[in-house]
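Participant: I'll drop the sequence and a predicted model, then ask my questions.
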Amino acid sequence: MKNVGLVLLGLMVYIFPQKKSLEIRTARLDKVKSSITYSMSHPMHNWDGVSKEVDGLVQFDAQSGKIVKVAAVAKIASFDSKNSNRDAHVLEVTEAIKYPSVTFVTTLVKDDGTTLDVLGKVTFHNVTKTIHFVAAAKTEEKRRILTGNFMVMLEDFNIERPSLMMIKTANEMKTAFYLEYPL
């Protein structure tokens, strides 16, 4: 009976081989080069707000370089649209004193080396939503660069859409990112 148990155990190991254990490394996003940009639209004009104060971490497999997890954060006050009145209004409608940051954390990343299929959670204005998007990845001189974008709806995050001349902005806000980290 003891031998049957050993044979079954051996068969299970053969049929269901153990995954190679990954050597996970963690790298901090390059705060000088990384950025997040939001794009908004109003019938009278379109604009972008850029934050160059993105902080975050990336976990990746040391052998393949493939990403396992990403977490990023930016303060709402760090976004610059080149219009101080508009930026002040953004701080007001997002209640940036009460909810100072926007965060993103992956829940699943499929990395084929050049494309990332990403599922994650965005927390903005104290509301967390799951999002899915595809991003591009490339390696240059021992650095990995991730670029992509996704759409969010302001009203999904309980944010009242700003208005100009009694006309509200579009509900859709495109968010683009450029993230860079050392390998």
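Facilitator: Thanks, I have it.
Participant: Which helix or strand lies directly C-terminal to the lowest-mean-pLDDT helix or strand in the chain?
Facilitator: When each helix and strand of the chain is scored by mean pLDDT, DSSP states H and E, helix 2-15 comes last, with a mean of 41. The helix or strand immediately downstream of helix 2-15 is strand 24-28, counting by DSSP states H and E.
Participant: buried residues in that following strand?
Facilitator: Buried residues in strand 24-28, counted by 16 or more other C-beta atoms under 10 Å: residue 27. The C-beta positions use only the backbone N, C-alpha and C, and glycine is treated the same way.
Participant: Which neighbouring elements make contact with the helix or strand that comes right after it?
Facilitator: For strand 24-28, the succeeding helix or strand toward the C-terminus, using DSSP H and E, is strand 35-42. On a contact count with 3 or more C-beta pairs under 8 Å, 6 or more residues apart in numbering; DSSP states H and E, strand 35-42 meets strand 45-51, strand 172-182.
Participant: Strand partners (parallel or antiparallel) of strand 35-42?
Facilitator: Applying DSSP bridges, strand 35-42 is found paired with strand 45-51 (antiparallel), strand 172-182 (antiparallel).
Participant: As CSV, the ones you listed with mean pLDDT and mean neighbour count would be great.
Facilitator: Below are these laid out as CSV (pLDDT from 0 to 100; neighbours: other C-beta atoms under 10 Å):
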stretch, mean pLDDT, mean neighbour count
strand 45-51, 96, 15
strand 172-182, 97, 18
